[in-house]
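Student: Mind folding the following:
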Amino acid sequence: MALDSAIVAIFGQPPENIDLSEQSTTANNTVSVTFFVVACLCVALRFYIRIGKKTVGIDDYTVIVGLISTAALLFTTILAGQLGAGKHVWTNDVNSFVTLLKVVYAEPYVYAVAVTTTKISILLLYRRLFHAGSSVTNHLFAGTYWTAAGLTILYPIIMFTTMAASCQPTSYNWERYLGSTEGKCIDIGLFYFVIAIINMVVDVIILGVPIPRIMALQLNKRDRSSIIGIMLLGGFVCVASVFRIYYLRRLENSTDVTWWMGPGMAWSSIEPSVAIISACLPTFAPLLRMSERKQKNALNAYYNRSRSLPNHYGVSRATVSHAVGKSEDEVELTRGGRRGCAFDSGSNSSDTYIENSGGIVVDTEVFVSTDHGPL
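Tutor: Numbering: from 1, shown residues only. Got it, this is the predicted structure:
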């Protein structure tokens, strides 16, 4: 393979043991697109449920903005792959490399919008589910909530301001590789690393926002663990952040910059997709609730049929069974009216679920069975 002399002048000769034909672009694009498609399906299902229950809110519209921003971020990842990200730097020509650097410069702006709007959507969902009050627990929730909200809003401001001033002039971000000496830059690699750690810390804080309210609810350990488990499934966002930080660190310390750009940008697009999936999970409870109802009804029907069969004395036994509906025995655990279900964790005798607009409610169903048999 003939090497571009300008690339060799910038990065030196490639190591002798390197295979210049290998690339990670295909794998990077495949994984990124897969997560985005799953995120799209989750958002579509979320709106299907919310529209059906007539409970579409601002958190739903915000996640749409996050999805659109993530689509733009995915586009930058795929475009960067076409320009050489995920391949060894010595396989590029200098013109493609400079164009790639322009895409890399634009990517953090799109990334900041994508992760910020997704985080705001999650915080708005928390706001919808958990209501502030005057207790110590509610004050703790409010303090954590507004801390997370403030850091979330501050993140893109820091990103935009720093990126705009990262090189003076801005074009020096890529022109310095063409031999230009008319400009100066900050340590951009170090900035990426630090801001990525800050972003992960915000993710952890957001994960912890609802826990004080959940722990204060009048739930048994099983139901409380189920709710916390659903919330903590969003912890995979932090895993994505860790991988992103790892590849950004390798990028900063490597000569073969385009090789590490590929997975670094891929994880940058995977992270908001995972966040969107996590933000949609609590809204899928009506489907689980419907499934549990069907299973419960099937078991009750089987029980009634078996009880109505003749006994060994030849005298039939009739069973009359009816259910005291859930509307007859409800205990609201947070303030607000009942308008739709957003989370469900049921047991045989009660259902605990998060209302879309009215907090968390415990439903208890009492099944009364009267047996008419021989005395």
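Student: so what's Ser180 up against?
Tutor: Ser180 is in contact with Tyr172, counting by C-beta atoms under 8 Å, 6 or more residues apart in numbering. Backbone N, C-alpha and C define where each C-beta goes, glycine included.
Student: which SS class is it?
Tutor: coil (DSSP: H, G, I helix; E, B strand; the rest coil).
Student: what's the pLDDT at it?
Tutor: Per-residue pLDDT puts Ser180 at 73.
Student: what about it, distance to Thr99?
Tutor: Going from Ser180 to Thr99 by C-beta to C-beta, to the nearest Å gives 16 Å.
Student: all strands for the stretch 101-250 of the chain, in order.
Tutor: Secondary structure of the stretch 101-250 of the chain by DSSP state E, counting those that start in this stretch: the strands cover 167-168, 184-185.
Student: Run through who's touching the last one.
Tutor: Contact with strand 184-185 is made by 166-168, 172-173, 176, as judged by C-beta under 8 Å, 6+ apart.
Student: make it 7 Å
Tutor: 166-168, 172-173 (C-beta atoms under 7 Å, 6 or more residues apart in numbering).
Student: farthest-separated two in those?
Tutor: By the measure C-beta to C-beta, the contacts of strand 184-185 have their two most distant members at Gln168 and Asn173, which lie 10.0 Å apart.
Student: between these two, which one's more packed in?
Tutor: The neighbour count for Gln168 versus Asn173, taken as other C-beta atoms under 10 Å, is higher for Asn173 (20 against 14).
Student: need the helices for the stretch 101-250 of the chain, in chain order.
Tutor: Taking DSSP state H, counting those that start in this stretch as the criterion, the stretch 101-250 of the chain carries its helices at 136-164, 172-175, 188-208, 211-215, 221-232, 236-252.
Student: is it true that Leu125 touches Cys280?
Tutor: No. Assessed by C-beta atoms under 7 Å, Leu125 is found out of contact with Cys280, at 9.3 Å.
Student: Could you check the angle the host helix or strand of Asn29 makes with helix 236-252?
Tutor: Following DSSP states H and E, one finds Asn29 within helix 25-52. Here the directions of helix 25-52 and helix 236-252 differ by 150 degrees (axes from the mean of the first three to the mean of the last three C-alpha atoms, to 10 degrees).
Student: by contact count, what packs against helix 25-52?
Tutor: Counting contacts by 3 or more C-beta pairs under 7 Å, 6 or more residues apart in numbering; DSSP states H and E, helix 25-52 packs against helix 58-82, helix 257-280.
Student: Relative to Thr62, how far out is Leu123?
Tutor: 9 Å.
Student: Pick the most deeply packed of the helices and strands packed on helix 25-52.
Tutor: Highest mean neighbour count among the helices and strands packed on helix 25-52 (mean count of other C-beta atoms under 10 Å): helix 257-280, with a mean of 27.
Student: same question for that one, mean pLDDT?
Tutor: Mean predicted lDDT for helix 257-280 stands at 92.
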